[in-house]
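>>> okay, sequence plus prediction incoming.
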Amino acid sequence: MNIRLYFLGTGAAVPIGKRGLPCIALKVDGDIYLFDAGEGCQYRLFKAGLGVVKIKTIFITHLHGDHFLGLFGMLQSMHMLNKETPLSIYGPRELENMIKTFLPYGLEKLGFDISFGEINEWSEVYRDDNIIVTSYPVKHGTIKSFGFIVDVQKRIRKRIVYTGDTCPIDTVVEASRNANILIHESTFTSEYREEALKQGHSTAADAALAAQKANVDLLVLTHISARYDDDYDLFIDAYRFFKNVIVAQDYMSLIL
């Protein structure tokens, strides 16, 4: 049994410094599920030893470029590496149109089928023998944005909740109630809370307070601004309110 989370991109907005753009992979035996696909994510998948051929499903939280622009190069690599198994992509409705517009430019004869699904508020998005994925609404400025609840159901029972980009909102607490792992965006520390809220983001302390209210087992901070050279300030900002917290690093993995 091999069930593991890979944090492949833990930065925000611009791929500078030591952090790549948002991308999380869940590997269940031979199947890989991707949550967000920022620019450069396929390189990180290869570097982590995962590759792109075994990706089964991709879930996109919202249509800001740092969360989905890596999809297009990844599709090309899948094609060139002779992927044959189907690929499912779930995201806001407009994502399907974007990809279908792109495909004719050199990729109209893919060797694998792609299916698309629209995500909505509080709805079951996807189900197979390994996982069940449910979407829930978050708030990130004016753009339609979602988080995902992932229930792993193969041999173990674990709940992982991913916020995507969001300012503090009660739906995160509701979705995360008694979860095993909450992966919460933490773009800034409390020193910049006004800026965070203005941009539709959360601080590390905001994430910790959500984890505390939801009674989760572990809080993982991600979507870190490039202004932070190390993790100390982010960790302390969260630790004041929730003790079982770690700051994600690119290529970090957690065994479930």
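Arrived safely, thanks for sending.

>>> assign the residue sitting furthest away from the middle of the chain to helix, strand or coil.
The C-alpha centroid of the chain is most remote from residue 109, which lies 28.8 Å away (Cα atoms, centre = their mean). Going by DSSP: H, G, I helix; E, B strand; the rest coil, the secondary structure assigned to residue 109 is coil.

>>> and for residue 44?
Looking at residue 44 with three-state DSSP, the answer is helix.

>>> and what of residue 174?
Using three-state DSSP, the structure places residue 174 in helix.

>>> and it, how far is that from residue 97?
31 Å (Cβ to Cβ, to the nearest Å). All C-beta atoms are positioned from the backbone trio N, CA, C, and that covers glycine.

>>> look at those two and report which has more neighbours.
The neighbour comparison of residue 174 against residue 97 (other Cβ atoms under 10 Å) goes to residue 174, with 13 against 10.

>>> and the gap between the more buried one and residue 210?
Counting by Cβ to Cβ - residue 174 and residue 210 are separated by 10 Å.

>>> what do you get for residue 192?
Residue 192 sits 18 Å away from residue 210, taking Cβ to Cβ as the criterion.

>>> neighbour count winner among the two?
The residue with more neighbours, out of residue 192 and residue 210 and counting by other Cβ under 10 Å, is residue 210; that gives 27 against 16.

>>> in this structure, which ranges drop under the pLDDT threshold?
Segments of the chain classed as low confidence (criterion: pLDDT under 70) are 1.

>>> and the nearest residue to residue 44 once chain neighbours are set aside, how many neighbours?
For residue 44, the nearest residue in space outside its immediate sequence neighbours is residue 8; the separation is 4.1 Å by Cβ to Cβ, 6 or more residues apart in numbering. Here the number of neighbours of residue 8 (other Cβ under 10 Å) works out to 30.

>>> wait, what's in contact with residue 8?
Taking Cβ atoms under 8 Å, 6 or more residues apart in numbering as the definition of contact, the neighbours of residue 8 are 20, 23, 24, 25, 41, 44, 45, 48, 250, 251.

>>> could you redo the last one with a cut-off of 6 Å?
Taking Cβ atoms under 6 Å, 6 or more residues apart in numbering as the contact definition, residue 8 lies against 23, 25, 44.

>>> identify the bridge partners of the residue nearest the centre of the chain.
Relative to the mean C-alpha position of the chain, the nearest C-alpha, by Cα atoms, centre = their mean, is the one of residue 35, at 3.8 Å. Using DSSP bridges, the bridge partners assigned to residue 35 are residue 24, residue 59.

>>> am I right that it is in contact with residue 162?
Yes: the pair residue 35 and residue 162 passes the contact test of Cβ atoms under 6 Å, sitting 5.5 Å apart.

>>> distance of residue 114 from residue 222?
As defined by Cβ to Cβ, residue 114 lies at a distance of 27 Å from residue 222.

>>> looking at these two, which is more packed in?
Higher neighbour count among residue 114 and residue 222: residue 222, with 27 against 17, using other Cβ under 10 Å.

>>> what's stretch 47-58 in contact with?
Taking Cβ under 6 Å, 6+ apart as the criterion, the residues outside stretch 47-58 that touch it are 6, 25, 30-34, 42, 45, 74, 77-78, 81, 83, 88-89, 251.

>>> which ones among those lie within strands?
Among the contacts of stretch 47-58, the members found in strands (DSSP state E) are 6, 25, 31, 32, 33, 34, 88, 89.

>>> dump the residue contacts of the fourth one.
Right, residue 32. With contacts defined as Cβ under 6 Å, 6+ apart, the neighbours of residue 32 are 25, 50, 54, 55.
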